[in-house]
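Trainee: fold the following for me, if possible:
(chains A, B, C and D)
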Number of protein chains: 2
Amino acid sequence: MTPTEILTLYHLRKTPTRLSILEYLQISHLPQSENEIHKKMQDSYDRITFYRTIQTLMEAGIIHRIVADNTTVRYALNHYNSQLDEQNHDHVHFYCTKCGKVECMEEVVVQPYHLPDGYKIEECNVVVKGLCRQCIIKDHDR
Amino acid sequence: MTPTEILTLYHLRKTPTRLSILEYLQISHLPQSENEIHKKMQDSYDRITFYRTIQTLMEAGIIHRIVADNTTVRYALNHYNSQLDEQNHDHVHFYCTKCGKVECMEEVVVQPYHLPDGYKIEECNVVVKGLCRQCIIKDHDR
DNA sequence: TTTGTATATGAAACAATGTTGCAAATGTAA
DNA sequence: TTACATTTGCAACATTGTTTCATATACAAA
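Mentor: Residues are numbered from 1 along each chain as shown, chains lettered A, B, ... in the order given. Take a look at the predicted model:
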């Protein structure tokens, strides 16, 4: 689905900032930070617009925010289960403590948690921290 | 264990800022934000010292940081299993999306996750978001 | 194609949080 | 009491989050 098609589907206006962010997230293998998105968009970038665009896309359920750390925030497209036409972002996120890379582990599903009576669970975020393949290899070389 | 005893145990100097933060976290039922700690410490508070004290206490394993959200960071004392004298902060954190409260759910243990070969897991953070008892009750009243 | 209008943008202005370098202050061991 | 390694607090700055409001724009309807 193209960025234009996505915005049409969600009844959102096709503004340049929205289209640019969606385009960039689509071609990105990994979740991207504001800074990384900024670099790609160059001059056409305005922080306030970025901020509001992110809000809009998140509220619509088009993207999700990954908070890996108190200083590490990334954004990624939601993936859809085409059969159910339903959102499927109940996956685990991986954060490499050495290189700072963040990954959506689409195949690793979040376990259900039970809280004491009286709590209502809406969502569950899981961030697994450790070393990625590349960083383990670099470690061995030393 | 008193703050003084904790710092002695970890071979850290007993400075006023460290003692104040530990004292406050000990009497706090819930994890506290920098802002909340700041209010308690009043004039004797310096942001840079706070920042570095938090680093020191976290590195020592005395406290842990809970990142519930990109704008919600709290700190809490680690709890110890007195029998094993070992750290036990592999618990789930709850974040109320209505009142912003954060809780350590000591009794809800983090499920083990398996990542593809090549990843080395060091730590796993779980934040369950939803409504707390009080906010559910308030919701019903409306 | 033009136009009206609800929506989105971007400037200004500010709050909160994270971070480093460095000189002065201080905790603690001798 | 002293010596010194450690810690503090100031200055200075970077990043991120947020609101208000006038202007610009997307797009539906004429």
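Trainee: what's the next secondary structure element after the worst-scoring helix or strand of chain A on mean pLDDT?
Mentor: Lowest on mean pLDDT, DSSP states H and E among the helices and strands of chain A sits strand A:86-87, with a mean of 46. Using DSSP states H and E, the next helix or strand after strand A:86-87 towards the C-terminus is strand A:91-96.
Trainee: outside of the helix or strand that that following strand is followed by, which residues touch it?
Mentor: For strand A:91-96, the succeeding helix or strand toward the C-terminus, using DSSP H and E, is strand A:102-109. With contacts defined as C-beta atoms under 8 Å, 6 or more residues apart in numbering or on different chains, strand A:102-109 is touched by A:30-31, A:66, A:68, A:72, A:74, A:76, A:79, A:88, A:90-96, A:128, A:132, B:113-116. Any C-beta I mention is one placed from the backbone N, CA and C, and that applies to glycine too.
Trainee: only the buried subset of the residues you listed, as a ChimeraX command please.
Mentor: To isolate the buried members of the contacts of strand A:102-109 in ChimeraX, using 16 or more other C-beta atoms under 10 Å in any protein chain shown:
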select /A:31,66,68,72,74,76,91,92,93,94,95,96,128,132 /B:113,115
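Trainee: does DNA strand C have contacts with stretch A:38-58?
Mentor: Yes. Under the criterion of C-beta under 7 Å from any atom of the strand, DNA strand C is reached by stretch A:38-58 at A:44, A:46, A:48, A:49, A:52, A:53, A:56.
Trainee: what subset of the residues you listed is buried?
Mentor: A:49, A:53, A:56.
Trainee: tell me which element the last one falls in.
Mentor: By that I understand residue A:56. Going by DSSP H and E, residue A:56 is in helix A:47-60.
Trainee: so what does that helix touch, helix or strand wise?
Mentor: helix A:16-27, helix A:34-41, strand A:63-69 (3 or more C-beta pairs under 8 Å, 6 or more residues apart in numbering or on different chains; DSSP states H and E).
Trainee: interface residues of chain A facing DNA strand C?
Mentor: A:12-13, A:15-18, A:44, A:46, A:48-49, A:52-53, A:56, A:70-71.
Trainee: mind picking the two most distant members of those residues?
Mentor: Farthest pair in the residues of chain A next to DNA strand C (C-beta to C-beta) is A:13 and A:70. Separation: 33.5 Å.
Trainee: of the two, who's got more company?
Mentor: residue A:70 (14 against 8; other C-beta atoms under 10 Å in any protein chain shown).
Trainee: quick one, what contacts the more buried one?
Mentor: B:65, B:67, B:73.
Trainee: let's see if you can find the most crowded of those.
Mentor: Going by other C-beta under 10 Å, residue B:67 tops the contacts of residue A:70 with 23 neighbours.
Trainee: ok, now how distant is it from residue A:8?
Mentor: Using C-beta to C-beta, to the nearest Å, residue B:67 is found at 35 Å from residue A:8.
Trainee: and what of residue A:92?
Mentor: 31 Å.
Trainee: so residue A:96 touches residue A:132, yeah?
Mentor: Yes. Under the criterion of C-beta atoms under 8 Å, residue A:96 lies in contact with residue A:132, with a separation of 4.1 Å.
Trainee: quick one, which of the residues of chain A next to DNA strand C has the minimum pLDDT?
Mentor: Among the residues of chain A next to DNA strand C, residue A:44 carries the weakest pLDDT, at 85.
Trainee: looking at the helices and strands packed on helix A:47-60, which is nearest to DNA strand D?
Mentor: helix A:34-41 (4.7 Å; C-beta to the nearest atom of the strand).
Trainee: for the spatially most central residue of chain A, which residues are in contact?
Mentor: Centroid check for chain A by C-alpha atoms, centre = their mean gives residue A:76 as the closest residue, at 2.4 Å. Residue A:76 is in contact with A:25, A:28, A:30, A:31, A:32, A:63, A:64, A:66, A:104, counting by C-beta under 8 Å, 6+ apart.
Trainee: who does the last one form a beta bridge with?
Mentor: Note on residue A:104: beta-bridge partners by DSSP bridges are residue A:93.
Trainee: pLDDT score for it?
Mentor: Residue A:104 is given a pLDDT of 95.
Trainee: same thing with the second one?
Mentor: Among the per-residue scores, residue A:28 shows a pLDDT of 95.
Trainee: then the helix or strand harbouring residue A:6 to PDB, C-alphas only?
Mentor: Using DSSP H and E, residue A:6 sits within helix A:3-9. Output of helix A:3-9 as PDB, limited to C-alpha atoms (Å, rounded to 0.1, in the frame of the first residue of the first chain):
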ATOM      1  CA  PRO A   3       1.500   6.300   1.600                       C
ATOM      2  CA  THR A   4      -1.300   8.000  -0.500                       C
ATOM      3  CA  GLU A   5      -3.400   4.900  -0.300                       C
ATOM      4  CA  ILE A   6      -2.800   4.600   3.500                       C
ATOM      5  CA  LEU A   7      -3.900   8.200   4.100                       C
ATOM      6  CA  THR A   8      -7.000   7.700   1.900                       C
ATOM      7  CA  LEU A   9      -7.900   4.600   3.800                       C
END
